[in-house]
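In: next comes the sequence, and after it the predicted model I'd like to discuss.
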Amino acid sequence: MPKESKTGEVWSEQEVKLIITDYFEMLDIELKDVKYNKSAHRRSLLPKLSGRSEGSIERKHQNISAVLIKLGLPYIDGYKPMDKYQALLENEVEKYLNNHPDLMDSFENSPVLNPTQPQKLIIPDLKDIKEDPPQKMFTPKPSVKPWLSRKGIRINFAERDAMNRKLGNLGEKFVFELEQHRLKLAGRDDLAQKVVWASKEHGDGLGFDILSFDENTESERMLEVKSTGLGKYFPFFLTQNELLCSEDIPDQFHLYRVFDFGRSPRIFILNGSLRSLCKLDPVLYRATL
């Protein structure tokens, strides 16, 4: 483990407990969509820790983000997950969650994670909300033999988002309107009028949700929308048809990953075969006799 302070000491159990408590205090505030000051939180921790710098505190916050993602739980926006950390940290996060079972109810009822209204297109240009895809995503780790440990599985919020049809519809509506707006800004009102919310008009199972167009060549673009109230680094789920569509027409297929949807929606886009662009893990089995 790399040294993290001027004293050359690894974080003690007491220090780890203090920073975990501080992190969850911030996370609770953030998921209520209330503004707060991360820097003030870091500065308040300094006198309680053993010669740590603000930079080392921030890195530890990033470590906690990585732990939470691997548990399938929300993390603080702005603390990009960093996954090289003490085993002690992961153990203490687990203890904190076990000692605060009410947190799951708080997460479930969060207005940030449970958007109920369509997002208004406030920012006038796709480029203002578009980000680069993450270089790495973090896969929630499976429970180790829960049939022996008797430890129930916590809510996996990435899986819950994938099953949330209302959130899916809100995200598709957002992208549908965004594409119309993008084409109008490009001076292609004619194409904007032809954009189709395909999953609504023709039903699910097409392999894409929105039929749009390239503003220059007028060629069709098939857009699959994956929406989440969570952050950028969570995995998303695909159907077989979506995967096959991306492989059959890779130049036309675009996956729009809409993240942080309940607060300030942002997007990254994957264009091409998802088998080539993504690591694919089987998560269900179909059984026949």
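Out: That came through fine. Only a predicted model underlies this, so the values are computations on that prediction, with no experimental measurement involved. Numbers count the residues shown, from 1 in each chain.
In: just give the number of residues close to residue 188.
Out: Neighbour count for residue 188, taken as other CB atoms under 10 Å: 17. Where you see a C-beta, it was placed from the backbone N, CA and C, and this is true even at glycine.
In: low pLDDT regions in the stretch 101-250 of the chain?
Out: In the predicted model, the stretch 101-250 of the chain carries pLDDT under 70 at residues 116-124, 140-156, 162-163.
In: can you give me the helices in the stretch 1-150 of the chain?
Out: Taking DSSP state H, counting those that start in this stretch, the helices of the stretch 1-150 of the chain run over residues 13-31, 38-45, 54-70, 87-99, 102-108, 146-149.
In: now do the stretch 151-289 of the chain
Out: 157-163, 165-185, 189-192, 198-201, 240-248, 274-277.
In: between those helices, which gets nearest to residue 130?
Out: helix 165-185 (10.0 Å; CB to CB).
In: contacts for the closest one?
Out: Identification of contacts with helix 165-185 by CB atoms under 8 Å, 6 or more residues apart in numbering yields 114-119, 121, 124-126, 161, 189, 191-192, 195, 197, 199-200, 209-210, 212-213, 215, 223, 225-229, 256, 258, 261, 265, 267.
In: who touches stretch 275-286?
Out: Contacts to stretch 275-286, defined as CB under 8 Å, 6+ apart, come from residues 139, 237, 238, 243, 246, 247, 250, 270, 274.
In: just the buried ones from the residues you listed, in ChimeraX syntax?
Out: Here is the ChimeraX command that picks out the buried ones among the contacts of stretch 275-286, judged by 16 or more other CB atoms under 10 Å:
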select :238,243,246,250,270,274
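In: and the furthest pair within the contacts of stretch 275-286?
Out: Largest pairwise distance in the contacts of stretch 275-286, by CB to CB, is 24.2 Å, between 139 and 250.
In: what's near enough to touch residue 238?
Out: In this structure, residue 238 makes contact with 274, 280, judged by CB under 8 Å, 6+ apart.
In: inside strands: which ones of the contacts of helix 165-185?
Out: 197, 210, 212, 213, 223, 225, 226, 227, 256, 258, 267 (DSSP state E).
In: hang on, the earlier thing: can I get the helices of the stretch 151-289 of the chain in JSON lines including distance to residue 35?
Out: JSON lines is the format used below for the helices of the stretch 151-289 of the chain (distance: least, CB to CB, whole Å):
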{"stretch": "helix 157-163", "distance to residue 35": "22"}
{"stretch": "helix 165-185", "distance to residue 35": "23"}
{"stretch": "helix 189-192", "distance to residue 35": "35"}
{"stretch": "helix 198-201", "distance to residue 35": "35"}
{"stretch": "helix 240-248", "distance to residue 35": "37"}
{"stretch": "helix 274-277", "distance to residue 35": "36"}
